[in-house]
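Visitor: here is my input, please return the structure:
(one chain, ligands or ions: 1)
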Amino acid sequence: MPVIDTQREERIAPTSAAHASADHSAQPGRPPHVQPFEEPTAEGIRFRKAAKTYRGGTEALSSTSFAVAPGEFVSLVGPSGCGKSTLLRLASGLDTVSSGSVEVNGEVGYIFQDASLLPWRTVQRNVELLAELEGIDRATRRALAADAIALTGLAGFEQHRPLALSGGMRMRVSIARALTLRPGVFLFDEPFGALDEISRERLNDELLAIFARERFAGLFVTHSIAEAVYLSTRVLVMSARPGRIVAELEVPFDHDRSPALRFDAAFSRVASEVSEALRAHS
Ligand SMILES: Nc1ncnc2c1ncn2[C@@H]1O[C@H](COP(=O)(O)OP(=O)(O)OP(=O)(O)O)[C@@H](O)[C@H]1O
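Guide: All right, here's what the predicted structure looks like:
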């Protein structure tokens with residue numbers, strides 16, 4: 001959909017400028033397909049020795065370095081209060097580091113634990129909200145919302161109001177609303193934690209399908225080890241506060257996953273490794 005991409009490029013510019021700290025100029029002599037770790041990606045997330053101490057002295061995050069490239073889905077797990085939400089807020093630009101740097105390139109989508117919908121608006125008008133705030137014209141807004149509504153399985157519910165929806169459906173609306181801006185970076189703060197297990201697993205599969213199409217750089221906070229392994233290309237394990245990354249586990253499955261994977265021996269092995277790392281540092 002070229003019309004969407006063109007508009008996104010225009011909107012990205014100020015966002016990128018606000019967050020970017022990297023020099024994106026090409027390095028002479030390096031073949032374009034070689035992307036060593038240190039080279040900034042066109043879009044994505046990069047923390048360099050980022051730390052956060054809140055006013056009042058709470059050290060929430062100690063020196064943290066990692067990167068998430070477009071097409072990677074990375075989960076963060078760690079004990080309660082270890083700084084996971086802090087880390088997402090830093091990535092979103094809602095809060096600033098005390099030292100180090102955070103570089104985020106691309107439109108940012110941010111999904112909170114609570115779907116945060118406007119109860120008086122229909123699903124359709126909730127999904128259109130961000131595009132509306134961006135000043136996108138009505139016809140384009142409608143097209144963006146229709147696409148996001150179809151992608152999140154909300155077709156047929158356009159005229160419902162949030163109170164008439166289940167928790168899972170509300171979360172779909174929240175995701176659809178963020179999708180209208182076609183984020184290159186997508187942050188999720190434990191979005192499915194309040195859902196029953198069946199709804200949660202269904203939403204996991206839907207999110208995988210969205211990721212397969214959009215290929216954003218995904219950063220997903222969860223308390224569920226199984227959810228982290230099922231969704232991710234990589235899992236980062238954090239220590240107790242002040243949080244730091246103590247383990248990084250590659251998830252060795254391709255991204256065409258189905259619920260049966262959860263019963264696979266290889267899946268259990270990765271989940272046990274995450275669990276052991278968590279227990280060792282909690
Ligand atoms: N605005 C703030 N001002 C002061 N302290 C804060 C602020 N926000 C968070 N904290 C503290 O920073 C620490 C990390 O909080 P954060 O919410 O990032 O942890 P978390 O890992 O997301 O927690 P949980 O798993 O329980 O959701 C906690 O001790 C919290 O009380």
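Visitor: the strands in the chain, which residues?
Guide: 44-53, 59-68, 73-77, 99-105, 108-111, 185-189, 217-221, 234-238, 245-250 (DSSP state E).
Visitor: Serialize the ones you listed to TSV and add fields for mean neighbour count.
Guide: Just so you know, the C-beta spots here come from the backbone N, C-alpha and C atoms, and that holds for glycine as well. What follows is the strands of the chain, written out as TSV (neighbours: other C-beta atoms under 10 Å):
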stretch	mean neighbour count
strand 44-53	21
strand 59-68	19
strand 73-77	25
strand 99-105	19
strand 108-111	23
strand 185-189	25
strand 217-221	26
strand 234-238	24
strand 245-250	16
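Visitor: how about a markdown table for those, with mean pLDDT added?
Guide: Formatted as a markdown table, the strands of the chain follow (pLDDT from 0 to 100):
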| stretch | mean pLDDT |
| --- | --- |
| strand 44-53 | 96 |
| strand 59-68 | 95 |
| strand 73-77 | 97 |
| strand 99-105 | 95 |
| strand 108-111 | 96 |
| strand 185-189 | 97 |
| strand 217-221 | 97 |
| strand 234-238 | 97 |
| strand 245-250 | 94 |
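Visitor: of the ones you listed, which is nearest the ligand?
Guide: strand 59-68 (3.6 Å; C-beta to the nearest ligand atom).
Visitor: packing partners of the closest one?
Guide: Contact here means 3 or more C-beta pairs under 8 Å, 6 or more residues apart in numbering; DSSP states H and E; on that basis strand 59-68 packs against strand 44-53, helix 84-92, strand 99-105, strand 217-221, strand 245-250.
Visitor: interface residues of the stretch 51-200 of the chain facing the ligand?
Guide: 54, 56, 58, 60, 78, 80-86 (C-beta under 6 Å from any ligand atom).
Visitor: for these, which one is nearest Glu250?
Guide: If you rank those by distance to Glu250 using C-beta to C-beta, Gly78 comes first, at 18.0 Å.
Visitor: I'd say the closest one and Pro242 touch.
Guide: No - in this structure Gly78 lies outside contact range of Pro242 using C-beta atoms under 8 Å: 11.1 Å.
Visitor: between those two, which one's more packed in?
Guide: Gly78 (26 against 19; other C-beta atoms under 10 Å).
Visitor: now for that one: which residues touch it?
Guide: 84, 237-240, 243, 278 (C-beta atoms under 8 Å, 6 or more residues apart in numbering).
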